[in-house]
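S.K.: Sharing a model that was predicted from the sequence below.
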Amino acid sequence: MDQPFTLAACAEMLWRDKPIEWRCAQLRELDFHVGLWNWPEHDLALLEKSGATFSIMNGYLTGRLADDEGADELLRSARETAQVGKRLGVARLNLHGTGLGDGGLPVRPSDVVTGRMWLKARDTLARIADMAEEEGVIFTLENLNLPVDHPGTPFGRAEDTLALVESVNHARLRLNLDLYHLQIGEGNLIETCRACLPFIGEVQVADVPGRCEPGTGELNFNGIATALFDMGYRGPVGLEAFAKGDPIKALDSFRSAFRVKL
């Protein structure tokens, strides 16, 4: 058995009674990279002192893809966040189809996405990619599920995020392919991974239902890990999940699920 992937875990979702810098240091000690959400909630100096290697972080605070005012604000916010990402050494800065507010709900829901919105979103992401080139950072666009967690989010489906990233076709803009969201919203995980493979920057996982660690729900993560390995993926896999019980056991289950027989 071997571990061909770089494993990370979202610090906000584990040991939720502990300070964030403690969680980051603990993940480092356990040989995991660290995922973060919004940076203004944390003391950056303490995050630096944790010694953690940061895999991904939310790449903006405000703004939207598909209208002029929102696009300008997204670019401004993303450029500001890029400076924080560089300070912390964050490998990837994450984007969504629109800004998310309380409970993960879109700040501007869109049940219908028009052709004009598609064109504007593509143009906005091209601007983000050009800015990322200037700043020397990488942005990812994440798929989200609409039925349960993020109703009304435009460009939420993996099919949509792939279409946008593929149309921009820039090395500084990749996919954050979230298999938890994909299972709820679309299914067909392995073939979607295969279709997205040339553009994946990170794969994120949690079991369904419940959004907890592998082994708590219906997904066959050993099969998914083997399929990813066989199709040539060797990149990061991030656990963006709550621990059903002990976080250490949850992380052990995650590590075990993504071992592959070589």
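M.R.: Here it is on my side, so go on. All values reported here derive from a predicted model rather than from experimental measurement.

S.K.: Report the contact partners of the nearest residue to Q83 once chain neighbours are set aside.
M.R.: Nearest residue to Q83 in three dimensions, chain neighbours excluded: E135, at 7.8 Å (C-beta to C-beta, 6 or more residues apart in numbering). Quick note: C-beta positions are derived from backbone N, CA and C, even for glycine. Applying C-beta atoms under 8 Å, 6 or more residues apart in numbering to E135 gives the contacts R79, A82, Q83, K86.

S.K.: Name the SS class of the residue nearest the centre of the chain, please.
M.R.: Taking C-alpha atoms, centre = their mean, the centroid of the chain lies closest to N176, which sits 4.6 Å from it. Three-state call for N176 (DSSP: H, G, I helix; E, B strand; the rest coil): strand.

S.K.: hang on, E202 in a strand?
M.R.: Yes - according to three-state DSSP, E202 belongs to a strand.

S.K.: Could I get the contacting residues of it?
M.R.: 8, 55-56, 92, 140, 174-177, 235-238.

S.K.: wait, R79 sits on A132?
M.R.: No - contact criterion C-beta atoms under 8 Å: R79 and A132 do not qualify, at 9.3 Å.

S.K.: what's the closest of the contacts of E135 to H181?
M.R.: Distance ranking of these against H181, using C-beta to C-beta, places A82 first at 24.5 Å.

S.K.: Just name whatever secondary elements the stretch of helix or strand the closest one belongs to is in contact with.
M.R.: Per DSSP states H and E: A82 is located in helix 68-88. For helix 68-88, the elements it packs on are helix 44-49, strand 54-58, strand 92-95, helix 115-135, judged by 3 or more C-beta pairs under 8 Å, 6 or more residues apart in numbering; DSSP states H and E.

S.K.: In the sheet, which strands lie alongside the third one, parallel or antiparallel?
M.R.: It stands for strand 92-95. strand 54-58 (parallel), strand 139-142 (parallel) (DSSP bridges).

S.K.: in a strand, that's where F254 is, yeah?
M.R.: No - applying three-state DSSP, one finds F254 to be helix, outside a strand.

S.K.: measure it to D43 for me?
M.R.: Distance of F254 to D43, given as C-beta to C-beta, to the nearest Å: 27 Å.

S.K.: ok so, going back, can I have the buried ones of the contacts of E135 as a ChimeraX selection?
M.R.: Selection command for ChimeraX covering only the buried members of those, criterion 16 or more other C-beta atoms under 10 Å:
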select :79,82
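
S.K.: Show me which of the contacts of E135 is closest to W39.
M.R.: Nearest member of those to W39, counting by C-beta to C-beta, is Q83, at 10.1 Å.
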